[in-house]
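Trainee: Got a sequence here, can you model it:
(chains A and B)
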Amino acid sequence: MSVNEETREIRRRTWRDIDLRAVAPFAALALLLILGAIVNPNFIGITNLANVATRSAFIAIIAVGATFVISSGDLDLSVGSMVAFVASLMILFMNSGVIADPALMLTAAVLFTVIAGALCGLANGLITTVGRIEPFIATLGTMGIYRGLTTWLSQGGAITLREPELQEMYRPAYFGSILGMPVPIAVILAVTGVAAFVLYRTRYGRHVVAVGSNSDVARYSGIPVNRVRTIAFVIQGLCVAIAVLLYVPRLGSTSATTGILWELQAITAVVVGGTALKGGAGRVWGTICGAFILELVGNIMLLSNFISEYLIGAIQGAIIIIAMLVQRSLVRKS
Amino acid sequence: MDSETVDAGTVVLSARRISKSFSGVQVLFSVNFDLRAGEIHALMGENGAGKSTLVKILSGFEQPTSGEIILDGNPVKLPPNGAAEALGIVIIHQEFNLAEHLTVTESLFLGREVTRFGVLDRKFMRTETRRVLDLLGSHVDENAMIGTLSIADKQMVEIAKAISRDARVVFMDEPTAVLSREETNFLFRQVRKLRDQGTSFVFVSHKLDEVMELTDRVTVLRDGQWIKTSPTAMLDGESIAQLMVGRELSKLYPAKSEPDVDEEITLSVKALSTGYVRDASFEVRNGEILGFSGMIGSGRTELMEAVAGLRSRISGEVIIRGETVPSGDVHAANRCGLAYMTKDRKSKGLLLNSRMTANLTLQSLERHGKLGYLSPASEASALERARRRFDIRVRDGNVVAGRMSGGNQQKLLLAKVMETEPEIIIIDEPTRGIDVGTKQQIYHFISALARDGRSIIVVSSEMPEVIGLCTRVAVMREGRIVGMLEGDEISEQEIMRYAAGLKKKAVA
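Mentor: All right, here's what the predicted structure looks like:
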């Protein structure tokens, strides 16, 4: 009997070694793929899946940034507005014609966008840390500000990239492919790879998790808590800028309604991916998985005929609640 | 004791052979305790003697591991989480249970609001609050926000709350710790008045003079055991102090080695003041273990946090090897080779959801790779080293810190602090909540560090620890260093005299 008990003990240990919360989103993704294949044989085709992945790029990349902010114990609600604002700035910059040579202009515009995104993130970070305002409130405020500025810049209409030559040159950034892989997918992989490296393999990443997990412990360990939090917001801003770099060549136009509710989708992707909303555990690959899941659900609904695609918002809302419930039940078990 | 229980005053609440263990560590050993109607009963003992645990058990916040509680002659199982209030048993916590944004009236009636036709009867509640406050002779405005009240007034509201719930037994845990002398006197008058009306009080305090002044009987606990119950009049401050500490030092402690008089002074603190700490000055030499003793709340931790740069100071200087350390700058202090080990390992020391490695290297990440990169191999070898050096015994190297035993957590915390290779180490409560075996190990680590030529400050509420380890002991009381003991002066009685305010000495 004692032998029996021992083996049971060992089995339980090996089970415990696998972190269920890390695995859960991938299991859900696999389940969705199977479900999709059953619903419609076209679903599982490489073209369709590549399409889905490409379309998830914006949310996925933004959500990678959100993983940092959430891991450090904060929240950024302004990302959707920030996309609209930064994208508008980028198009206005390209329309301004300050640089004649299109290639040079494009390079300058990319740089400009990255800096604009970083500054927007920095603003969020400083308001939260130096201003000591709850991140929820601080970014609710900037959400309104960025959206309002966009509406003002576009005078309520659309901002469209006018230069056809620039447009032509920039188009492949979204529609092109590298080694047979659509550019957006390559960008997702690159951004996620870098983010995973930073979060898991650098001092800064360790600081982020420590601050999100217990800011007192971090402070007593000599970690500059506010700097770590601010940098997380800047990373979020950079991710938004990268998403914008993909977004602008796609439509070549922005309006006051660009990126509406993207912040919710980004947060959903992060949470579905297994990152704890209260901070302290970041899962970058899980976040990407979460973004795919959101897009896949929409795709399956489109391909199947028994649920109206107008319900997609409701389904996505339900997903975040289910993900939280699953997360909590897994915590309780472990 | 049996002879005493027979005479006057019916017993309201009593504990019979109560034992209690927390995760395998026994903190109360078959303790007996009687509370009579209309008495003020002091519960005394050193920190960690089990007073708070006994209070929690008698008020239902903890269930005893064994033994029984008898209320009005009948064995009872007290309901948890404050529901014992319904039985007239009220506890006034050290940290008040008052919501800052409620008014005094709202606080008093919280959870049992009076309604008329489903609507709050504010007028009745206000009148009733006024009546109770008047009964106490308190001037507090019943419409004032709790947040605007002084600490003494909050204390008074807590007591009013207790009375308005027809409390028969009131536990007061260090009620005067935050009060001025006048406020204390006022509180005592009210307590005596209520006692004369038949309410019973259990008064937990470290202040010998107050116990002598206020209480009718005293029960002393030591190391979780009942030592003595006696009428206060038959004791004096000295004898209570002796009962509280009376114990011999065993081989728990390594041999002391005193530093040479001409050893370099590594840390010198001059006239440091924070909000609470006043004018603290002291020096530590190479290879010295300096002790800091005093009651909980005497300002030791605040002083040490100010020295370590975790808290900014109002005035005063911290000089490490001739270099002045700026105020409130942890990094500067760390760079100068000073490290502070918190007493609060669970909420300030360790990331309970992280593994050992992440905890160990958190304070010294720059040693494990260049340009921000972290080398897993370097971290793994650091963990290997630390586990050997500090004898951290875990079966699974991937276990999260929160699942480790208190002793192993404490060793991990010590290892974490030592990873920064400090020259001056401030250790706050080195052995809180850990078993004797690990305690002994930690004492030997500390002693070995000092022999290596490091300067060590041990802040501890356990007097034997300070006496067993340190060659000099500073005693703090109410934010000031009131005594600096050396050599043969270092004894529990002597420390207790300073700590309880029976003796004072100007410190150079």
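
Trainee: for the record, mean pLDDT for the helix or strand where B:Leu449 lies?
Mentor: For B:Leu449, the element it lies in under DSSP states H and E is helix B:436-451. The average pLDDT for helix B:436-451 rounds to 86.

Trainee: For the next helix or strand after it, what is the distance to the chain centroid?
Mentor: The first helix or strand that comes after helix B:436-451 along the chain, using DSSP H and E, is strand B:455-459. Remark: strand B:455-459 is offset 18 Å from the chain centroid, using Cα atoms, centre = their mean, to the nearest Å.

Trainee: rewinding a little: remind me what the helix holding B:Leu449 packs against, helices and strands.
Mentor: Helices and strands touching helix B:436-451, by 3 or more Cβ pairs under 8 Å, 6 or more residues apart in numbering or on different chains; DSSP states H and E, are strand B:289-294, helix B:406-418, strand B:455-459, helix B:463-469. Any C-beta I mention is one placed from the backbone N, CA and C, and that applies to glycine too.

Trainee: Quick check: which ranges of the stretch 1-150 of chain B have low pLDDT?
Mentor: Low-confidence segments of the stretch 1-150 of chain B (pLDDT under 70): B:1-8, B:23-24, B:47-48, B:94-96.

Trainee: where exactly do the strands run in it?
Mentor: B:11-22, B:25-36, B:40-44, B:66-71, B:74-76, B:89-92, B:115-116, B:119-120 (DSSP state E, counting those that start in this stretch).

Trainee: and what of chain A?
Mentor: For chain A, the strands defined by DSSP state E cover A:158-160, A:177-178, A:181-182, A:253-255.

Trainee: could you dump these to CSV with distance to chain B, mean pLDDT and mean neighbour count?
Mentor: Output for those, formatted as CSV (distance: least, Cβ to the nearest Cβ, whole Å; pLDDT from 0 to 100; neighbours: other Cβ atoms under 10 Å in any protein chain shown):
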stretch, distance to chain B, mean pLDDT, mean neighbour count
strand A:158-160, 38, 94, 18
strand A:177-178, 27, 90, 13
strand A:181-182, 28, 92, 16
strand A:253-255, 35, 92, 21
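
Trainee: Can you add distance to A:Ile315 and give these back as JSON lines?
Mentor: Output for those, formatted as JSON lines (distance: least, Cβ to Cβ, whole Å):
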{"stretch": "strand A:158-160", "distance to A:Ile315": "29"}
{"stretch": "strand A:177-178", "distance to A:Ile315": "30"}
{"stretch": "strand A:181-182", "distance to A:Ile315": "25"}
{"stretch": "strand A:253-255", "distance to A:Ile315": "26"}
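
Trainee: quick one, which of those strands is nearest to A:Leu325?
Mentor: When the strands of chain A are compared by Cβ to Cβ, strand A:181-182 sits nearest A:Leu325, at 34.2 Å.

Trainee: Parallel or antiparallel, list what pairs with that closest one.
Mentor: Counting by DSSP bridges, the strands paired with strand A:181-182 are strand A:177-178 (antiparallel).

Trainee: Relative to the whole chain's centre, how far out is the strand it pairs with?
Mentor: 22 Å.

Trainee: same question, stretch A:172-192
Mentor: Computed by Cα atoms, centre = their mean, the separation of stretch A:172-192 from the middle of its chain amounts to 16 Å.

Trainee: Need the CA coordinates for that stretch. PDB is fine.
Mentor: The C-alpha coordinates for stretch A:172-192 follow below in PDB (Å, rounded to 0.1, in the frame of the first residue of the first chain):
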ATOM      1  CA  PRO A 172       4.100  45.500 -49.200                       C
ATOM      2  CA  ALA A 173       4.500  46.200 -45.500                       C
ATOM      3  CA  TYR A 174       1.100  44.700 -45.000                       C
ATOM      4  CA  PHE A 175       0.300  42.800 -48.200                       C
ATOM      5  CA  GLY A 176       3.800  41.500 -49.000                       C
ATOM      6  CA  SER A 177       5.500  38.400 -47.700                       C
ATOM      7  CA  ILE A 178       8.900  37.300 -46.500                       C
ATOM      8  CA  LEU A 179      10.000  33.700 -47.300                       C
ATOM      9  CA  GLY A 180       6.400  32.900 -48.200                       C
ATOM     10  CA  MET A 181       5.100  34.200 -44.900                       C
ATOM     11  CA  PRO A 182       2.800  37.200 -44.900                       C
ATOM     12  CA  VAL A 183       4.700  40.200 -43.400                       C
ATOM     13  CA  PRO A 184       2.300  40.800 -40.500                       C
ATOM     14  CA  ILE A 185       2.800  37.200 -39.300                       C
ATOM     15  CA  ALA A 186       6.600  37.600 -39.500                       C
ATOM     16  CA  VAL A 187       6.200  40.900 -37.500                       C
ATOM     17  CA  ILE A 188       4.100  39.100 -34.900                       C
ATOM     18  CA  LEU A 189       6.700  36.400 -34.500                       C
ATOM     19  CA  ALA A 190       9.600  38.900 -34.400                       C
ATOM     20  CA  VAL A 191       7.900  41.200 -31.800                       C
ATOM     21  CA  THR A 192       6.800  38.300 -29.700                       C
END
